[in-house]
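Trainee: Sequence first, predicted model second:
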Protein chains: 2
Amino acid sequence: MIRVGISGYGNLGRGAESALTLCPDMELAAVFTRRDPASLKIATPGVPVVHEDKIAEWAGKIDIMILCGGSATDLPDQGPRYAKYFNTIDSFDTHARVPEYYAAMDEAHRAAGHLGIISVGWDPGLFSLNRMMAGAVLPDGEDYTFWGRGISQGHSDAIRRIPGVLDARQYTIPVEAAMDAVRRGENPQLSTRDKHTRECWVVAEEGADLAEIERQIVTMPNYFDQYDTTVHFITKEELARDHSGMPHAGFVIRSGKTAAGEACTIEYALHMASNPQFTSSAIVAYARAAAKMAARGETGARTVLDVAPALLSPKSGEELRRTIL
Amino acid sequence: MIRVGISGYGNLGRGAESALTLCPDMELAAVFTRRDPASLKIATPGVPVVHEDKIAEWAGKIDIMILCGGSATDLPDQGPRYAKYFNTIDSFDTHARVPEYYAAMDEAHRAAGHLGIISVGWDPGLFSLNRMMAGAVLPDGEDYTFWGRGISQGHSDAIRRIPGVLDARQYTIPVEAAMDAVRRGENPQLSTRDKHTRECWVVAEEGADLAEIERQIVTMPNYFDQYDTTVHFITKEELARDHSGMPHAGFVIRSGKTAAGEACTIEYALHMASNPQFTSSAIVAYARAAAKMAARGETGARTVLDVAPALLSPKSGEELRRTIL
């Protein structure tokens, strides 16, 4: 059995705990938290909840530690620190800072003789893998990534910071016409506005200036000004009733030509009723791979691009060849 | 530069030769044929064309040999024999005999200290990879594979063997309603007839009994009797004008639930104006990976499930992390 630790018990940590129940070869060994462990009720009976300050005491008792912290401040600090004690896996998702984080994790893991897979999830993660593989098979072509329809946490948060806003959810929506043009092999040049629209559901304070809130949303630099954005004001009850899920979706399309000029497209599409639960499921599959790679003596940092797919499965190579190939 | 040999110069061999022109890190070293080499004109200037009988003389001069023979008789004979001299890659596609072929190739390659990747292409190949990965991420779910709209060579050949038929092309067509039900997460139970229809374009001899030809087609065991099949009689000229391409398409859809019961689907879709050219492009990307794995000292047989994706790319890990992750 692969002994798994979960560090951080938010949406991702709870999702990983849940995903482990579908893995016959993995067991949850402990959950680590910065909160008072006595205050934290986890779903799995009999599993210890431990304060993060004591995480080092678990070295040798955990085969793979799932780091569920955020990319802005948690992971850059925790990742290299915890690499001293554990093999790790995380969902570091600040695309621009991946090389820097990779270097820090690679150094820490090599020094400690551990292995860590960084930036696992769907983007970065499964989408990165599909962009890379499609580009290798069709070198002469263009990549297009579309996100949605789904909740963007960052954009929802940005709306909530506007004075007069009590709560908000923002959906990122891909433009169907743009996706269809890509699928037809037209290789269109698409601006930011051409690819996605943004739909906002906002609960305002009583008496708030709705026109001013809408103006502040649609003109917000980077977040909204480059998009066609629609704003809907609704009640708190409507928001809770209609917009409390965390669905998402996404599409990676490679449109290219073979060397002899024949058009081909490769498309990878995800539809998720719950973004954090899907992401956790992907992380747990890669946690299995990380534990296997570490058990072979591999050390240092890895990404999804470095992981042989068979390692994600609990099945043997023989069974996979017989049933899936 | 990775030195590549091509054994067999049919559609697949020509496609591989063509795909190599898009690979800055690979070069065609020689083409091997069972025909008279003097009679074979290849597309790449200055590359030797050599009779298969002399292939052993090229040991040490080829980093990866692409075996372009058929799965029925060529590969089971050539594969283990050529493994003595070369690292190999092939598109062995008789799903039921993969374990047996893998075992023969594994033994031959290990004995010789070479490496071979078998069963590369899109199915088996990229589709197998996607079935496996989607199953690892969503263990609670069902796989659905649809093929087409595209030409099935085997079914076209079967029609050509009917007395009175001069030529024929058969398209396999997925049933859209079935695909949509799968995409909606309904996890339908689908019979063979529910998933695909078959469309036949037939050139008959003058005076042939068309009703009898049609009857023989639609009742042909395994090939057609389990499908809704339509038969169209056309002229030789119409067949050449409208049905001379080798397009294909296909879809792998995993419909599942996370452990907490949230519905998710993962879909991988290919559209190819030329099936053999796309297949060759995939084979050439995996040929690069095979050469790299062999250069590290790995030996034995592998499948796409065993290949770390980054090895498919001519780009460095550092560049991939910076630009694609």
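Mentor: Nice, I can see it. Everything quoted here is computed from the prediction, not taken from an experiment.

Trainee: what number of residues lie near residue A:35?
Mentor: By the criterion of other CB atoms under 10 Å in any protein chain shown, residue A:35 has 11 neighbours. C-beta: built from backbone N, CA, C; applies to glycine.

Trainee: what's the pLDDT at it?
Mentor: On pLDDT, residue A:35 comes in at 96.

Trainee: Could you check how far residue A:159 is from chain B?
Mentor: In this view, residue A:159 and chain B are 25 Å apart by CB to the nearest CB, to the nearest Å.

Trainee: Residue A:229 is in contact with that residue, correct?
Mentor: No - when contacts are counted by CB atoms under 8 Å, residue A:159 is not listed as touching residue A:229 (10.2 Å).

Trainee: Of these two, give the one with the bigger neighbour count.
Mentor: When residue A:159 and residue A:229 are compared for neighbours, residue A:159 comes out ahead with 23 against 19, by other CB under 10 Å.

Trainee: That one: what's it in contact with?
Mentor: Taking CB atoms under 8 Å, 6 or more residues apart in numbering or on different chains, we find residue A:159 in contact with A:165, A:168, A:170, A:200, A:202, A:217.

Trainee: need the helices for the stretch 201-325 of chain A, in chain order.
Mentor: Under the criterion DSSP state H, counting those that start in this stretch, the stretch 201-325 of chain A contains helices at A:210-218, A:236-242, A:275-295, A:317-323.

Trainee: Out of the ones you listed, which gets nearest to residue B:58?
Mentor: In terms of CB to CB, the element of these nearest to residue B:58 is helix A:317-323, at 29.5 Å.

Trainee: With distance to residue B:300 as extra columns, can I get the helices of the stretch 201-325 of chain A in a markdown table?
Mentor: Below are the helices of the stretch 201-325 of chain A laid out as a markdown table (distance: least, CB to CB, whole Å):
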| stretch | distance to residue B:300 |
| --- | --- |
| helix A:210-218 | 59 |
| helix A:236-242 | 56 |
| helix A:275-295 | 18 |
| helix A:317-323 | 11 |
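
Trainee: tell me the most buried of the ones you listed?
Mentor: Among the helices of the stretch 201-325 of chain A, helix A:275-295 has the highest mean neighbour count (mean count of other CB atoms under 10 Å in any protein chain shown), at a mean of 25.

Trainee: Let me see the mean pLDDT of it.
Mentor: Helix A:275-295 comes out at a mean pLDDT of 98.

Trainee: for it, packing partners?
Mentor: strand A:2-7, helix A:11-20, strand A:26-33, strand A:64-67, strand A:88-90, strand A:115-117, helix B:126-137, strand B:263-272 (3 or more CB pairs under 8 Å, 6 or more residues apart in numbering or on different chains; DSSP states H and E).

Trainee: Let's see which of the contacts of residue A:159 end up in strands.
Mentor: Among the contacts of residue A:159, the residues falling in strands (DSSP state E) are A:165, A:168, A:170, A:200, A:202.

Trainee: ok, now how distant is residue A:4 from residue B:206?
Mentor: Distance of residue A:4 to residue B:206, computed by CB to CB, to the nearest Å: 72 Å.

Trainee: Residue A:178 now?
Mentor: Plainly put, residue A:178 is 51 Å away from residue B:206 if you go by CB to CB.

Trainee: who has more neighbours, the two?
Mentor: Applying other CB under 10 Å to residue A:178 and residue B:206 shows that residue A:178 carries more neighbours, namely 19 against 6.

Trainee: Please save the CA atoms from the helix or strand containing the more buried one in CSV.
Mentor: Per DSSP states H and E, residue A:178 falls inside helix A:176-183. The C-alpha coordinates for helix A:176-183 follow below in CSV (Å, rounded to 0.1, in the frame of the first residue of the first chain):
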residue,chain,number,x,y,z
GLU,A,176,-18.3,28.6,-29.8
ALA,A,177,-17.7,30.2,-33.1
ALA,A,178,-14.0,30.5,-32.4
MET,A,179,-13.8,26.9,-31.3
ASP,A,180,-15.6,25.8,-34.4
ALA,A,181,-13.3,27.8,-36.7
VAL,A,182,-10.3,26.1,-35.0
ARG,A,183,-11.9,22.6,-35.4
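
Trainee: Enumerate the positions of that helix that are buried.
Mentor: Residues A:178, A:179, A:181, A:182, A:183 are the ones in helix A:176-183 that count as buried (16 or more other CB atoms under 10 Å in any protein chain shown).

Trainee: try stretch A:297-315
Mentor: Buried, per 16+ other CB under 10 Å, within stretch A:297-315: A:299-315.

Trainee: pretty sure residue A:113 is in contact with residue A:298, am I right?
Mentor: No - between residue A:113 and residue A:298 there is no contact under CB under 8 Å: 10.0 Å.

Trainee: For residue A:144, grab phi and psi.
Mentor: Main-chain dihedrals, residue A:144, degrees, to the nearest 10: phi -130, psi 130.

Trainee: Check the buried residues of helix A:176-183 one by one and keep those near chain B.
Mentor: residue A:183 (CB under 8 Å from any CB of the partner chain).

Trainee: quick one: which of the buried residues of helix A:176-183 is nearest chain B?
Mentor: Nearest to chain B among the buried residues of helix A:176-183: residue A:183, at 7.7 Å, using CB to the nearest CB.

Trainee: list the contacts for the closest one?
Mentor: A:253, A:255, A:265, A:267, B:271.

Trainee: Just give me the closest of the residues you listed to residue A:19.
Mentor: Nearest member of the contacts of residue A:183 to residue A:19, counting by CB to CB, is residue A:267, at 25.5 Å.

Trainee: Next, count neighbours for the closest one.
Mentor: 21.

Trainee: and it, bridged to which residues?
Mentor: For residue A:267, the beta-bridge partners are residue A:253, residue B:269 (DSSP bridges).

Trainee: Quick check: the two most widely separated of the contacts of residue A:159?
Mentor: A:165 and A:170 (11.4 Å).

Trainee: Which one's more surrounded, those two?
Mentor: Between residue A:165 and residue A:170, counting by other CB under 10 Å, residue A:170 is the more crowded of the two (26 against 20).

Trainee: How about that one: what's its closest non-neighbour residue?
Mentor: Setting aside the residues directly before and after it, residue A:170 is nearest to residue A:155 in space (CB to CB, 6 or more residues apart in numbering or on different chains), at 3.8 Å.

Trainee: Secondary structure element holding that neighbour?
Mentor: helix A:153-160.

Trainee: any idea how far that helix is from the chain center?
Mentor: 17 Å (CA atoms, centre = their mean, to the nearest Å).

Trainee: residues in contact with residue A:145?
Mentor: With CB under 8 Å, 6+ apart, residue A:145 has these contacts: A:123, A:127, A:131, A:250, A:251, A:252, A:253.

Trainee: so what's the backbone phi/psi at residue A:234?
Mentor: Dihedral angles (degrees, to the nearest 10) for residue A:234: phi -140, psi 170.

Trainee: Quick check, pLDDT for the closest residue in space to it that isn't next to it in sequence.
Mentor: In this structure, residue A:234 finds its nearest non-sequential neighbour in residue A:201, 5.6 Å apart by CB to CB, 6+ apart. On pLDDT, residue A:201 comes in at 98.

Trainee: okay but residue A:201 is in contact with residue A:230, surely?
Mentor: No - here residue A:201 does not reach residue A:230: they are 9.7 Å apart, not a contact under CB under 8 Å.

Trainee: Neighbour count: these two, which is higher?
Mentor: residue A:201 (21 against 15).

Trainee: In contact with the closest residue to residue A:256 other than its chain neighbours, which residues are there?
Mentor: Excluding its sequence neighbours, the residue lying closest to residue A:256 (CB to CB, 6+ apart) is residue A:141, at 2.1 Å. Residue A:141 makes contact with A:134, A:135, A:187, A:254, A:255, A:256, A:257, A:264 under the criterion CB under 8 Å, 6+ apart.

Trainee: now residue A:141: how far from chain B?
Mentor: 10 Å.
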